[in-house]
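**Student:** From the sequence below, what's the structure:
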Amino acid sequence: MFNQTTKYAFDALNYMHIHAKGGQIMSKEIADACGISMDYLPKVLQQLVKANVVHSKRGPRGGFKLVRPLKQVSVLCVIVAIQGPIRNILNSPAIQKEVDRFTICLARMNMAWALGK
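**Tutor:** Got it, this is the predicted structure:
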């Protein structure tokens, strides 16, 4: 359900939550600690900035920090920030495959119930 970029976002947020202590963290530190490419991580963090999950500050004492405590950030907010509107997510082939499997499972359960099994 989560693409790799979303997993990177969760890793970066978790790292900031544990290590920032209310201060700024440089993207290089996050990238090194989480094993994320420095070519890619700033793009992920900027999406989180646009969603008002993370604040960024430029300059030698700059970096990134959480706008609010991580427990106040919803999983859905992060997913939508990275993967786009929920309708795009629901229409993805991976989700459609899971929906199809769930529908078949429900149909089997209904048939078993109707047959008294």
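**Student:** what's the helix or strand for the nearest residue to residue 54 once chain neighbours are set aside?
**Tutor:** Spatial nearest neighbour of residue 54, excluding adjacent residues (Cβ to Cβ, 6 or more residues apart in numbering): residue 48 at 4.1 Å. The C-beta positions use only the backbone N, C-alpha and C, and glycine is treated the same way. Residue 48 belongs to helix 41-50 when assigned by DSSP states H and E.
**Student:** So which bits of stretch 53-62 are buried?
**Tutor:** Across stretch 53-62, burial judged by 16 or more other Cβ atoms under 10 Å covers 53-54.
**Student:** what does that stretch rub up against?
**Tutor:** By Cβ atoms under 8 Å, 6 or more residues apart in numbering, the residues outside stretch 53-62 that reach it are 13, 16, 24, 26, 45-46, 48-49, 63-67, 73, 77-78, 81.
**Student:** Show me which of the residues you listed are buried.
**Tutor:** By 16+ other Cβ under 10 Å, the contacts of stretch 53-62 give 13, 16, 24, 45, 48-49, 63-66, 73, 78, 81 as buried.
**Student:** Inside strands: which ones of the contacts of stretch 53-62?
**Tutor:** 63-66 (DSSP state E).
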